[in-house]
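Novice: I would like the atomic coordinates for the input below:
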Amino acid sequence: MARPLWNGVLSFGLVSLPVRLYSATESHTVRFHQLQRGTSDRVRNRRVNERTGEEVPLDEIVKGLDAGDEYVLVEPDELDDIAPGRSRALEIGEFVDLDQVDPIFFDRTYYLGPRGEEYAKVYALLREALERSDKAGIATFVMRSREYLVAVRAEGDVLALHTLHWADEVRDPASEVGDLPEGRRAVSGQEREMALRLVETMTTDWDPGAYHDTYQERVRRLVEAKRSGETVEKAEEPPESTNVVDLMSALRASVDSARSSRGAGTSGSGRTRRRADGRPAGQGEKHEAKPPKRQAEKRAKNAGEGEGDGRRRGGRTAKRRSEPLADLSKTELYRRATEAGVPGRSSMTRQELLDALSAGEPATASRRARRTAKAS
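Specialist: So this is what the prediction gives:
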């Protein structure tokens, strides 16, 4: 059983509920010690009097605020004396709809538990009321000499307490973030439609258990490798930024990649999606394709165009096909890798895409020729 971080009384209206506060999350970060280079000697931080150089016991340390010409000393019990409710009150002043609280205000999450079995009924009553109303209780309380604004809500079978940022702690993005686009940038309808299609194709059910901290895993592998005298492969370079000229090509390639991943029963993150019956998503299901209206209109328009225009389009395609692979952008290489069915292309660098396409170019050309002959 975890030790409570805080004990107090939660109140709403004239109802009081003694509670304990517990941490709801934990960190799995790899903790390193500090050592002096060339030795196995630990480097430690000590509380030292800067004038005498001597270490100071914890019970002789007090808080002091620099007032310019002197320090104003404040004892811990003096801070508790001025804290609202002497630091033990958690009074809900109002209830709000959960969707009214912007996620940017959320800070940390804790669990609230009743302080004894005799308070289980009052605890269950508040939890059920919050769950049925889909509301959160807003309150303030003091912990460790700091006042917090909090939201209390139902989370499964327990009450969860979220500490919130104060309004004046949230920074204005316009003054903090550089190069923000002014107003609405001119985006073509085709680009917007393709971006929406990509979002829809990559949409899945939220499953937090499907994600894990790969960086910490690599840190542990690095430590084990150094311990055994081995080496660890370096991480790949970050992907190149998308050129505005290649935006549509990048969107199309992304949609194709997401569709092929879904066809293999995986989500955009590479994990296998399963239905409630345990089978991979898509197995035994029938999906009716619903092409966007704009795409259907474009196909109808193309069907009524002359044969000469088709030859012109074919000529442009042939011209692109005749370009050397080395001259193509990563987006175009990825599109060709998708057409050729190159496995593992979604995680390849530009050079790896180039190598894979170069190695399979004769076979790809042969398949393309067979498709052309069959179509004619």
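Novice: distance of Ile138 relative to Glu128?
Specialist: 19 Å (Cβ to Cβ, to the nearest Å). Glycine gets a C-beta too; all of them are placed from N, C-alpha and C.
Novice: what's the answer for Arg47, then?
Specialist: In terms of Cβ to Cβ, Arg47 sits 48 Å off from Glu128.
Novice: neighbour count: Ile138 and Glu128, which is higher?
Specialist: Ile138 (16 against 11; other Cβ atoms under 10 Å).
Novice: what bridges to the more buried one?
Specialist: Judged by DSSP bridges, the bridge partners of Ile138 are Glu94, Ala151.
Novice: which parts of this structure are strands?
Specialist: Assigned by DSSP state E, the chain shows strands spanning 6-12, 15-23, 63-66, 71-74, 89-97, 106-114, 135-143, 146-155, 158-164.
Novice: need the ones you listed in JSON lines with distance to Met202, can you?
Specialist: Below are these laid out as JSON lines (distance: least, Cβ to Cβ, whole Å):
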{"stretch": "strand 6-12", "distance to Met202": "41"}
{"stretch": "strand 15-23", "distance to Met202": "33"}
{"stretch": "strand 63-66", "distance to Met202": "51"}
{"stretch": "strand 71-74", "distance to Met202": "54"}
{"stretch": "strand 89-97", "distance to Met202": "29"}
{"stretch": "strand 106-114", "distance to Met202": "25"}
{"stretch": "strand 135-143", "distance to Met202": "30"}
{"stretch": "strand 146-155", "distance to Met202": "28"}
{"stretch": "strand 158-164", "distance to Met202": "28"}
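Novice: could I get those strands as a markdown table with mean pLDDT and distance to Arg335?
Specialist: Shown next, in a markdown table, are those (pLDDT from 0 to 100; distance: least, Cβ to Cβ, whole Å):
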| stretch | mean pLDDT | distance to Arg335 |
| --- | --- | --- |
| strand 6-12 | 92 | 56 |
| strand 15-23 | 93 | 48 |
| strand 63-66 | 92 | 62 |
| strand 71-74 | 91 | 66 |
| strand 89-97 | 92 | 45 |
| strand 106-114 | 95 | 40 |
| strand 135-143 | 92 | 47 |
| strand 146-155 | 93 | 45 |
| strand 158-164 | 96 | 44 |
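Novice: just tell me which of the ones you listed ends up closest to Val43.
Specialist: In terms of Cβ to Cβ, the element of those nearest to Val43 is strand 63-66, at 26.5 Å.
Novice: partners of that closest one, with directions?
Specialist: Counting by DSSP bridges, strand 63-66 is paired with strand 71-74 (antiparallel).
Novice: tell me the buried residues in the partner strand?
Specialist: Residues of strand 71-74 include none that count as buried (16 or more other Cβ atoms under 10 Å).
Novice: so how far is it off the chain centroid?
Specialist: 43 Å (Cα atoms, centre = their mean, to the nearest Å).
Novice: what residues does it touch?
Specialist: In this structure, residues lying in contact with strand 71-74 by Cβ atoms under 8 Å, 6 or more residues apart in numbering are 62-65.
Novice: using PDB, write down the CA coordinates of that strand.
Specialist: The C-alpha coordinates for strand 71-74 follow below in PDB (Å, rounded to 0.1, in the frame of the first residue of the first chain):
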ATOM      1  CA  TYR A  71      16.900  38.300   4.500                       C
ATOM      2  CA  VAL A  72      13.400  37.900   5.900                       C
ATOM      3  CA  LEU A  73      13.300  34.500   7.700                       C
ATOM      4  CA  VAL A  74      10.100  32.400   7.700                       C
END
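Novice: if I look at Gly68, how far off is Asn49?
Specialist: According to Cβ to Cβ, Gly68 stands 22 Å off from Asn49.
Novice: I meant to write Ala136 there.
Specialist: As judged by Cβ to Cβ, Ala136 and Asn49 stand 47 Å apart.
Novice: those two: which has the busier surroundings?
Specialist: Neighbours were counted for Ala136 and for Asn49 using other Cβ under 10 Å; Ala136 has more, 25 against 10.
Novice: most neighbours among the contacts of strand 71-74, please name it.
Specialist: Within the contacts of strand 71-74, neighbour counts (other Cβ under 10 Å) peak at Lys63, which reaches 13 neighbours.
Novice: just give the closest residue to that residue, not the sequence neighbours.
Specialist: Of all residues not flanking Lys63 in the chain, Val74 sits nearest, at 4.9 Å (Cβ to Cβ, 6 or more residues apart in numbering).
Novice: what of Arg153?
Specialist: Take Arg153 and drop its neighbours on the chain: the residue closest to it by Cβ to Cβ, 6+ apart is Ala136, 4.2 Å away.
Novice: just to revisit the earlier point, out of the strands of the chain, flag the one nearest Arg252.
Specialist: strand 106-114 (36.5 Å).
Novice: neighbouring strands - and their directions - for the closest one?
Specialist: Short version: by DSSP bridges, strand 106-114 pairs with strand 15-23 (antiparallel), strand 158-164 (antiparallel).
Novice: and these, which is most packed in?
Specialist: Ranked by mean neighbour count, the strands paired with strand 106-114 are led by strand 158-164 with a mean of 20 (mean count of other Cβ atoms under 10 Å).
Novice: CA atoms of it as PDB?
Specialist: C-alpha atoms of strand 158-164 as PDB (Å, rounded to 0.1, in the frame of the first residue of the first chain):
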ATOM      1  CA  VAL A 158     -11.900   6.100  -7.700                       C
ATOM      2  CA  LEU A 159     -11.900   9.900  -7.400                       C
ATOM      3  CA  ALA A 160      -9.000  11.500  -9.400                       C
ATOM      4  CA  LEU A 161      -7.600  14.900  -8.500                       C
ATOM      5  CA  HIS A 162      -5.900  16.900 -11.300                       C
ATOM      6  CA  THR A 163      -3.800  19.900 -10.300                       C
ATOM      7  CA  LEU A 164      -4.400  22.800 -12.700                       C
END
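Novice: ok, which stretches of the chain are helices?
Specialist: All helices of the chain, identified by DSSP state H, fall at 76-82, 120-133, 173-176, 189-202, 214-227, 247-263, 293-303, 307-322, 330-340, 350-359, 361-375.
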